[in-house]
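Asks: below is the structure, and that's it, no one-letter string:
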């Protein structure tokens, strides 16, 4: 996936949604931001440093689409290990357990958890050490509506305490929950504004229609 | 590299293995059963001939398999990628694994040597402890080779098949089947590049002489050197950036 000349802000205290159809380059962009993507040309800067540089590794939290935690460890076992790697303060494990609503399941084996709990363990791992920027790749995919609402509540809670969040999704109804939107299509950024301004600019009734209107306008 | 992160990784690997008692059991029992089979096949004199080298080779095979699959699981499950976005040095990861599996290797070597000498009646001229030391070093070498090789496998099927590729030629040329001096010239040269050759040679020294000679220590250090070398190469194969 080629991504062309993209620059955008994820201001502290805001939830920025990265939206676009499957295959539009959302994951590639996120991987480039956390420095795990091989980049053919150009450079990527995050928080004023080169993406993936050693100074950034404890300041940026990243959650992949598929939960990447150890199924054969308990929830607490996973968090404890990653917190040692991050050098997170003691007590962070219990804070995060509460934050992702898994305090009651701390001693459960991750492999035995439900899909939603499993992805919350993965999300919790990224919260350890309170990173400045959280990059979350489709964190709500496959979750039930209640859980999705709770997670978005949590994202805004984190933002209110000064964290910047970049959250990707391919469902447009989640766009309304973001403070600011990045719309991607075929590796290009076709919009970078607040949901309200996007609606005003396109005159569309909802964000899905606004996205379609932008796509059609591009085609002309 | 950081001691606390290496230690945390080793503890985490051991915690995972504790959740898998069957694997732990197999690790400890399989070499004992295989040595029992060897003791049963051969008359006592021949057992003393073939037993000691195999005492080192079996743990090497088993640790190779376990390590290559474990590391591959980290690569495919995304946990390795996640760790590499964190402040973890590649050496922390590799030496963490080596520490955890090295600990297991010590236990495994103690059990299989203890039972071989104590129950199966295996006899050597030299020190039994030195045979145990070779077994531990061999198991560590197996761990190092397994870590290195897992970089070239993208599925568990491939990883498992690297065992015959990497270890069987060594088994054939290490001097166990035929003394290395009797090998065709090219194969004899090749055997010098194979760590198992030095392990078997060291074992032969303990089998035949009461004292550890300088040849023994050079051989043992060579095997250890190969192990450290392959660990370093294994760390080199970890990539923070992937396509």
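Replies: Happy to help now that I have it. Values in this document were obtained by computation on a predicted structure and should not be read as measured data.
Asks: the residue in chain B positioned nearest to chain A - how many residues pack around it?
Replies: As assessed by Cβ to the nearest Cβ, chain A sits closest to residue B:78 within chain B, at 3.2 Å. All C-beta atoms are positioned from the backbone trio N, CA, C, and that covers glycine. Look at residue B:78: counted by other Cβ atoms under 10 Å in any protein chain shown, it has 16 neighbours.
Asks: got a pLDDT number for it?
Replies: What the model reports for residue B:78 is a pLDDT of 90.
Asks: can you give me the strands in chain A?
Replies: A:15-19, A:45-46, A:49-50, A:60-63, A:133-136, A:164-169, A:180-185, A:188-193 (DSSP state E).
Asks: how about CSV for those strands, with distance to chain B, mean neighbour count and mean pLDDT added?
Replies: Listed next are the strands of chain A as CSV, based on distance: least, Cβ to the nearest Cβ, whole Å; neighbours: other Cβ atoms under 10 Å in any protein chain shown; pLDDT from 0 to 100:
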stretch, distance to chain B, mean neighbour count, mean pLDDT
strand A:15-19, 18, 24, 93
strand A:45-46, 12, 16, 86
strand A:49-50, 12, 14, 86
strand A:60-63, 5, 25, 93
strand A:133-136, 9, 23, 94
strand A:164-169, 14, 24, 94
strand A:180-185, 19, 21, 91
strand A:188-193, 21, 17, 88
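Asks: near chain A, which residues of chain B show up?
Replies: B:4-5, B:8-9, B:11-12, B:15-16, B:19-20, B:77-79, B:81-88, B:240-243 (Cβ under 8 Å from any Cβ of the partner chain).
Asks: ok and the residue in chain A nearest chain B?
Replies: Closest point on chain A to chain B, by Cβ to the nearest Cβ, is residue A:68, at 3.2 Å.
Asks: can you read off the backbone torsions of that residue?
Replies: phi -110, psi 80 (degrees, to the nearest 10).
Asks: OK, contacts around it?
Replies: A:122, B:77-79, B:81-82 (Cβ atoms under 8 Å, 6 or more residues apart in numbering or on different chains).
Asks: do residue A:72 as well
Replies: For residue A:72, the contact set (Cβ under 8 Å, 6+ apart) comprises A:109-111, B:16, B:19-20.
Asks: could I have the PyMOL command that selects the buried members from these?
Replies: The PyMOL selection below is limited to those of these classed as buried (16 or more other Cβ atoms under 10 Å in any protein chain shown):
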select buried, (chain A and resi 110) or (chain B and resi 16+19)
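Asks: count of neighbours near residue B:61?
Replies: A count of nearby residues for residue B:61, using other Cβ under 10 Å, gives 21.
Asks: now do it against residue B:237, distance only.
Replies: Distance of residue B:61 to residue B:237, given as Cβ to Cβ, to the nearest Å: 21 Å.
Asks: circling back to that earlier point, show me which of the contacts of residue A:68 are buried.
Replies: Buried members of those, scored by 16+ other Cβ under 10 Å, are A:122, B:77-79, B:81-82.
Asks: restricted to helices, list those residues.
Replies: Cross-referencing those against helices under DSSP state H gives A:122, B:77, B:79, B:81-82.
Asks: the residue lying closest to residue A:179 once chain neighbours are set aside and residue B:158, how far apart?
Replies: The shortest distance from residue A:179 to any non-neighbouring residue, by Cβ to Cβ, 6 or more residues apart in numbering or on different chains, is to residue A:14 (4.3 Å). Using Cβ to Cβ, we find residue A:14 at a distance of 45 Å from residue B:158.
Asks: return the set of buried residues in stretch B:198-211.
Replies: Within stretch B:198-211, the residues that count as buried by 16+ other Cβ under 10 Å are B:198-207.
Asks: what's the answer for stretch B:147-158, then?
Replies: Neighbour-count burial for stretch B:147-158 flags B:147-151, B:153 (criterion: 16+ other Cβ under 10 Å).
Asks: average model confidence for it?
Replies: For stretch B:147-158, mean pLDDT is 88.
Asks: just how off-centre is it within its chain?
Replies: Offset of stretch B:147-158 from its chain centre (Cα atoms, centre = their mean, to the nearest Å): 16 Å.
Asks: can you measure across that stretch, start residue to end residue?
Replies: Using Cα to Cα, to the nearest Å, the end-to-end distance of stretch B:147-158 comes to 14 Å.
Asks: what's in contact with it?
Replies: With contacts defined as Cβ under 8 Å, 6+ apart, stretch B:147-158 is touched by B:64, B:67-69, B:71-73, B:75-76, B:94, B:97-98, B:159, B:162, B:166, B:230-231, B:233-234, B:237-238.
Asks: ditto for stretch A:93-107
Replies: Against stretch A:93-107 from outside (Cβ under 8 Å, 6+ apart): A:74-76, A:79-80, A:83, A:113, A:117, A:120-121, A:123-125, A:127-128, A:150, A:154.
Asks: first-to-last residue distance for that stretch?
Replies: Distance between the boundary residues of stretch A:93-107 (Cα to Cα) amounts to 12 Å.
Asks: buried residues, that stretch. List them.
Replies: Those would be A:93, A:96-97, A:99-100, A:102, A:105-106, for stretch A:93-107 by 16+ other Cβ under 10 Å.
Asks: kindly report the same for stretch B:96-109.
Replies: The neighbour-count check on stretch B:96-109 (16+ other Cβ under 10 Å) flags B:96-102, B:104-106, B:108-109 as buried.
Asks: who is the residue nearest to the spatial centre of chain A paired with across the strands?
Replies: Residue closest to the average C-alpha location in chain A (Cα atoms, centre = their mean): residue A:136, at 1.7 Å. Taking DSSP bridges as the rule, residue A:136 bridges to residue A:63, residue A:167.
Asks: can you count the residues close to residue B:73?
Replies: Neighbours of residue B:73 (other Cβ under 10 Å): 18.
Asks: domain parsing for chain A?
Replies: Chain A is divided into the following domains under automatic domain parsing: A:1-59+A:132-220, A:69-130.
Asks: which stretch in the ones you listed has the least confidence?
Replies: Least confidently modelled of the domains of chain A is domain A:1-59+A:132-220, at a mean of 87 by mean pLDDT.
Asks: can you name the helix or strand that residue B:25 falls in?
Replies: Using DSSP states H and E, the element containing residue B:25 is helix B:21-41.
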